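[1] Dropping the sequence and predicted coords here.
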Amino acid sequence: METAEAWRSMFENWPASIPRRGIVITSFQESIPFVGYMLSGGILLLERDKPDSLGARKVMLAYHAISAVKITDVIDLARFQALGFQPPL
């Protein structure tokens, strides 16, 4: 699976048991904290709880521009199995 499709699938299948907030790290090394999101085609719409330095509260980002997603809540690793992660054998 292509990386952009993997990110899209993760956001599409994000389980209700994991809060929809965290930090997206972009391929251009920007950290974007988010408290919610919406999906559309090849673009992810992220909502910030505070504006950035330019006053923006929403960010539209192409899936292929996502390098990493950081989770800021304390969550047991086993809950991430709902996103397809598995413990090593």
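    It's in. If you're wondering where the values come from, they're calculated on a predicted model, not measured in any experiment.

[2] could you pull out the helices for this structure?
    3-12 (DSSP state H).

[3] Tell me where the model's unsure across it.
    Using pLDDT under 70 as the threshold, the predicted model of the chain has low-confidence ranges 1.

[4] where exactly do the strands run in it?
    22-26, 31-34, 36-40, 43-47, 58-62, 66-70 (DSSP state E).

[5] and the third one, which strands flank it?
    The pairing partners recorded for strand 36-40 under DSSP bridges are strand 43-47 (antiparallel).

[6] thinking again about what came up before, mind checking the strands of the chain for the one nearest to Ala16?
    Comparing the strands of the chain by their distance to Ala16 (C-beta to C-beta), the top pick is strand 36-40, with 12.9 Å. Every residue, glycine included, has its C-beta placed from N, CA and C.

[7] Return the set of buried residues in the closest one.
    Residues of strand 36-40 classed as buried by neighbour count (16 or more other C-beta atoms under 10 Å): Tyr37.

[8] Which residues outside it are in contact with it?
    Identification of contacts with strand 36-40 by C-beta atoms under 8 Å, 6 or more residues apart in numbering yields 8, 11-12, 20-21, 44-47.

[9] contacting residues for the closest residue in space to Leu61 that isn't next to it in sequence?
    In space, and not counting its chain neighbours, Leu61 is closest to Leu44: 5.1 Å by C-beta to C-beta, 6 or more residues apart in numbering. If you count contacts by C-beta under 8 Å, 6+ apart, Leu44 has them with 7-8, 11, 24, 37-38, 60-63, 66.
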